[in-house]
Each structure stands twice: as structure tokens, then as C-alpha cells.
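Participant: dropping the sequence and predicted coords here.
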Amino acid sequence: MSNERRYVVLRHEGIADPHFDFMCERGTGALLTLRFGTWPPRDPNHFEQLCDHRREYLEYEGAVSNNRGFVVRVAEGRCTVESQSDCTVVQLDRGLEIRMAHKKGAAEDSRQSAAPGEGGSLHL
């Protein structure tokens, strides 16, 4: 199964641990969100899966509520999501590929966190 979706990469600054949030449309209207330390990532399979974010972040730049810094858009475009037998592959229009291994017994909850360096299960 393959389909095209919008994505955005936001630089999250003004906090103790600045990072990049990759956000990709889900079929549900929410945005799958992966945290990377660098962008483009040195290792696109080294990420932390965060809870889903609101669709507004596809267009938003500015302050984050509750004094949690601010975000600046550094990339946006379209990506293709393909589910394979052992992993899910997100191919960005800029040629970057993010591979997320399917883990046996992984929860179907899209907000499950993957430890940095482990990748994670992607449920789109």
C-alpha cells in the first residue's frame, strides 16, 4: 500500500533541548510526529516518535503554548508512505528515506514512543 501525504519539518527552539519535528499527515487528520536531533538527519532511522500533533502545524510558525519555545519551518513537501512486510518506508520528495521497523507485539497506539536509536512502529 502506498500513498502520498503532506509533511513539514519544524525547528523547535527556545527550549533546553532544541530539535527538529518531522510531521506527516495520517489518514485520521492528525500528524504523525517524529523528533530528530539534526535535519537532514545523519541517520534517518534514529528518531523518537512523539504523540500526534494537530494539522495546524502544517502551516504554523511561532510560539508554542505554555512557554515551550517556538517553531520555525525548515522544510515542507510531499512524501510517500509504503507499508512493507518488515517496515514502513517514508520517502520524502527530497530523496530522504525514513525506515521504521515493524516490531513484534508493538502497540497499535500511534502515540507509542520509540527510544532514540530504535526507530519505531509507524501506524499510518
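Facilitator: Sure thing, it's come through. Numbering: from 1, shown residues only.
Participant: how many neighbours does residue 51 have?
Facilitator: 12 (other C-beta atoms under 10 Å). Every residue, glycine included, has its C-beta placed from N, CA and C.
Participant: now do the one 4 residues further on
Facilitator: Burial of residue 55 is recorded as 16 neighbouring residues (other C-beta under 10 Å).
Participant: surely it meets residue 31?
Facilitator: Yes - counting by C-beta atoms under 8 Å, residue 55 touches residue 31, with 6.1 Å between them.
Participant: need the overlap of contacts for these two.
Facilitator: residue 25 (C-beta atoms under 8 Å, 6 or more residues apart in numbering).
Participant: what count of nearby residues applies to the spatially closest residue to residue 92 that is not a sequence neighbour?
Facilitator: Nearest non-adjacent residue to residue 92, counting by C-beta to C-beta, 6 or more residues apart in numbering: residue 79, 4.8 Å away. Counted by other C-beta under 10 Å, the residues lying close to residue 79 total 21.
Participant: beta-bridge partners for residue 79, please?
Facilitator: residue 5, residue 92 (DSSP bridges).
Participant: what pLDDT does it get?
Facilitator: Note on residue 79: pLDDT of 94.
Participant: wait, what's in contact with it?
Facilitator: Going by C-beta under 8 Å, 6+ apart, the list of residues near residue 79 reads 4-7, 24, 90-93.
Participant: in the residues you listed, find the pair that's most separated.
Facilitator: The largest separation in the contacts of residue 79, counting by C-beta to C-beta, is between 6 and 91 at 13.8 Å.
Participant: just for this structure, where's the confidence low?
Facilitator: 1-2, 103-124 (pLDDT under 70).
Participant: how about the strands of it, start to end?
Facilitator: 2-13, 19-25, 31-36, 48-53, 62-63, 70-83, 87-92, 97-101 (DSSP state E).
Participant: mind listing what's buried along the longest one?
Facilitator: The one in question is strand 70-83. Within strand 70-83, the residues that count as buried by 16 or more other C-beta atoms under 10 Å are 71, 75, 79, 81.
Participant: now residue 22, nearest residue through space, not along the chain?
Facilitator: Per C-beta to C-beta, 6+ apart, closest to residue 22 is residue 34, 4.6 Å.
Participant: lovely, talk soon.
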